[in-house]
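Novice: Requesting a structural model of the entry that follows:
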Amino acid sequence: MSEQNITRLHLEGKEYILIGTAHVSKRSAEEVKEVIEAEQPDSVCIELDNQRYQSITEGNKWKDMDIFKVIKEKKATLLLMNLLISSFQKRIAKQFDIKPGQEMIQGIESAKDVGAELVLADRNIQTTFARIWHNIGLSGKAKLLMQIIYSVFNKEEISEEELDKMKSQDMLHSMLDEFTATFPRLKVPLIDERDQYLAQKIKEAPGDKIVAVLGAAHVPGIKEQIKKENDIEELSKRPPKSKTPAIIGWSIPLIILGIIIYSFYANPEVGVNLTMSWIIWNALFAGIGATVALAHPLTILAAIVIAPFSSLYPLLAAGWVAGFVEAYLRKPKVADFENLSDDVYTVKGFWNNKVTRILLIIVLTNLGSTIGTAVGGADVVRQFIQNILG
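Specialist: Got it, this is the predicted structure:
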């Protein structure tokens, strides 16, 4: 048994054995098996949260998804990101004939074989995404989605040098490496906070001997954090919603409405022109977004009709309405949920699968509506200045 990737720590009468694994290495899974069998630990901690654990152990997990509930709870974007990352992992697996996460599966199996208690030690991935999302602003959100989409659909093969780099990185971090260079603050929720969370969960694991199966990128941070007390509850909190977007979200519609109403009072013809400009720009871009996502004609029509109104009412989004209409008209079948993990591997699969198409419709229609609001609002202000104030 090689000690090269193993870190042994002794703290307060307990022994911690950290196995620094590579998420894309066959040898890591073998090493996990060897260490657990040799050490016979009381607990085995693995770098998974409950959601990812279920996705590994329950092959039919997608069957139970309620797409209407996903839309209602506004989780479409986060679900789409999860699926895109799954696609990225599949591409690596196919190119190098490996199974990302095999070392975690081995950890689960070996824990059961030796009678050790299994501890899911990682933070909920949705919480991590929410904290990342909170840190990057509107332009950052757009760039992040584009970065993930590019990583997925970029057909260039990964070089051996890139693979070696990935072997020492967290899977999420390796995928977002270029993006974290642009947004250094992302390292905090992506790596640092998870180091704190993982360290605390490992420290609280039952028994006197604990084996932890971790991505190699986390081992240095955990070695330091395990000596400290970290607040799991605080690290698990979703970031508080900022009041600024809400203030802006309500201010813009009120300003636009105020301008249009005043224009009708000052010059009815200008009022009509401003109203038409607002409607046309919003409808146009929302319709383009739904069309690009290959929505049903009635879904596109719904996006076009609702966008000028939803842009004036921040509690409603054109993408949600379009998503509901599409889900009603083309309700996903069991096969669509079963094939999700395979369909997300290709661009064609993403657009053909009814589940991912609905997610794309929501995201792209909302993006189009946002652009339409910006262009339409700017045009309304321009015409108001020229024709009323000029």
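
Novice: contacting residues around residue 211?
Specialist: 17, 19, 35, 36, 39, 41, 43, 44, 45, 116 (Cβ atoms under 8 Å, 6 or more residues apart in numbering). Yep, even glycine has a C-beta here, placed from its N, CA and C like the rest.

Novice: let's see it at 10 Å
Specialist: 6, 15-19, 32, 35-36, 38-46, 107, 110-111, 114, 116, 202, 205 (Cβ atoms under 10 Å, 6 or more residues apart in numbering).

Novice: Wait, a helix at it?
Specialist: No: counting by DSSP: H, G, I helix; E, B strand; the rest coil, one finds residue 211 to be strand, located in no helix.

Novice: Report the spatially closest residue to it, excluding sequence-adjacent ones.
Specialist: Nearest residue to residue 211, sequence neighbours excluded (Cβ to Cβ, 6 or more residues apart in numbering): residue 41, at 4.3 Å.

Novice: tally of neighbours for the one you found?
Specialist: Residue 41 has 25 neighbours, counted by other Cβ atoms under 10 Å.

Novice: Settle this for me: it is touching residue 208, isn't it.
Specialist: Yes: Residue 41 lies in contact with residue 208 (Cβ atoms under 10 Å); the separation is 9.0 Å.

Novice: where do the contact lists of these two overlap?
Specialist: Here residue 41 and residue 208 have residue 15 as joint contacts, going by Cβ under 10 Å, 6+ apart.

Novice: which residue ranges form the strands in the stretch 101-250 of the chain?
Specialist: For the stretch 101-250 of the chain, strands defined by DSSP state E, counting those that start in this stretch occupy the ranges 117-120, 209-215.

Novice: can you put those strands in JSON lines and add mean pLDDT and distance to residue 221?
Specialist: Formatted as JSON lines, the strands of the stretch 101-250 of the chain follow (pLDDT from 0 to 100; distance: least, Cβ to Cβ, whole Å):
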{"stretch": "strand 117-120", "mean pLDDT": "96", "distance to residue 221": "18"}
{"stretch": "strand 209-215", "mean pLDDT": "93", "distance to residue 221": "10"}
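
Novice: So for residue 358, which of those sits nearest?
Specialist: Taking Cβ to Cβ, strand 117-120 is the member of the strands of the stretch 101-250 of the chain nearest to residue 358, at 29.6 Å.

Novice: Walk me through which strands the closest one pairs with, and which way each runs.
Specialist: Under the criterion DSSP bridges, strand 117-120 sits next to strand 43-46 (parallel) in its sheet.
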